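Engineer: I need the structure of the sequence given here:
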Amino acid sequence: MKRKVTKAIFPVAGLGTRFLPATKAIPKEILTLVDRPLIQYAIDEARAAGITDFIFVTSRGKSALEDYFDNAPELEETLERKKKTALLEELKTTNMPSGAIAYVRQNRPLGLGHAVWCAQKLVGNEPFAVILTDDVIKAEKPCLAQMMEAYEETGGNVVATMEVAREKTSSYGIIDVEEDRGDIVKVRKMVEKPKAEEAPSNLAVIGRYILTPEVMHNLSEMKEGAGGEIQLTDAIDKELEKGNPVYGFRFKGQRYDCGSKAGFLQATVAYGLARPELRDEFSAFLTGVTTGMKFPK
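Structural biologist: So this is what the prediction gives:
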């Protein structure tokens, strides 16, 4: 019998060096797409998938991230007094009930696998999800909710996948496909960041996972992989070596790599144009930019 997935790990210990100097003062996960920080998109997606326990793997300098989910009674009182009801309701969606969030520290940057392993005592012997906030996925049905439906069908381990350009395979975990069923792909092997000429396919793993507790046990062996780091991909691949199933899931939606400046800007445009109150003015501005209109300095 498949156990229900109610816990999700959010590895948010990274330094965000690609966004310096902004990330000198604020965590990258607090950077906003329009008016919502990256972490809020991840939390909303997890909630929509039925997650009730949220585990953040943090590091030094992340106190603003922790504060973000606290209640703000003075601000709520001000909005209520000024009868700004819509803003008040929006603000309340960022509040988390006491006990729903737990924080653990990653004291050394030893890779994604190590970050996930840091949450082992909070996960226990249960299946769990992993959400990488850098990967923002715009979809009619949230990506993790789609994956939960696939997990109900397949059991085992399920990873989100998408096709990437062959020359980009060295930036991803890549799947060697055993059986292609369309949305669901049975995995033969997973390879972390292979060179283009050595990649078994161009089907890449991106930042959404539903994993069995056995993967956490594999991480406990703490073996270094690509880049001298402890790779989550290697721990999942270990399950394949044991004969346990791993599936790739081709989600429906558009993924934006908000860990890069270009991806972050692309996501900002996409989410800005999706807002009815911003669409006309923003679209006109973008049209002006692309047609060479001069703007005041």
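Engineer: tally of neighbours for residue 191?
Structural biologist: Using other CB atoms under 10 Å, residue 191 is surrounded by 20 other residues. Glycine gets a C-beta too; all of them are placed from N, C-alpha and C.
Engineer: any idea which helix or strand comes after the host helix or strand of residue 238?
Structural biologist: Taking DSSP states H and E as the definition, residue 238 sits inside helix 232-241. Per DSSP H and E, helix 232-241 leads on to strand 246-250 as the next helix or strand towards the C-terminus.
Engineer: what sits up against that following strand?
Structural biologist: With CB atoms under 8 Å, 6 or more residues apart in numbering as the test, strand 246-250 has contacts from 146-147, 150, 154, 156-162, 175, 177, 182-187, 190, 203, 205, 236-237, 239-240.
Engineer: And the next helix or strand past the strand or helix carrying residue 9?
Structural biologist: For residue 9, the host element (DSSP H and E) is strand 7-11. Counting by DSSP H and E, the next helix or strand C-terminal to strand 7-11 is strand 32-33.
Engineer: Mind listing the strands that following strand pairs with, and their directions?
Structural biologist: Strands adjacent to strand 32-33 in the sheet, as given by DSSP bridges, are strand 36-37 (antiparallel).
Engineer: gap between the strand it pairs with and the chain center?
Structural biologist: 14 Å (CA atoms, centre = their mean, to the nearest Å).
Engineer: taking the mean pLDDT, what do you get for it?
Structural biologist: Averaging pLDDT along strand 36-37 gives 92.
Engineer: ok, longest helix in the protein?
Structural biologist: Longest helix of the chain, by residue count under DSSP state H: helix 276-290.
Engineer: Centre-most residue in this protein?
Structural biologist: Note on the chain: the residue nearest the mean C-alpha position is residue 132, at 2.4 Å, using CA atoms, centre = their mean.
Engineer: Which other helices and strands does the strand holding residue 9 contact?
Structural biologist: helix 38-48, strand 53-58, helix 112-117, helix 120-123, strand 128-131 (3 or more CB pairs under 8 Å, 6 or more residues apart in numbering; DSSP states H and E).
Engineer: Reformat those as a markdown table; add mean neighbour count and distance to residue 106.
Structural biologist: Below are the helices and strands packed on strand 7-11 laid out as a markdown table (neighbours: other CB atoms under 10 Å; distance: least, CB to CB, whole Å):
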| stretch | mean neighbour count | distance to residue 106 |
| --- | --- | --- |
| helix 38-48 | 21 | 16 |
| strand 53-58 | 22 | 5 |
| helix 112-117 | 25 | 5 |
| helix 120-123 | 16 | 12 |
| strand 128-131 | 25 | 14 |
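Engineer: Out of the ones you listed, which is closest to residue 104?
Structural biologist: Closest to residue 104 of the helices and strands packed on strand 7-11, according to CB to CB: strand 53-58, at 5.6 Å.
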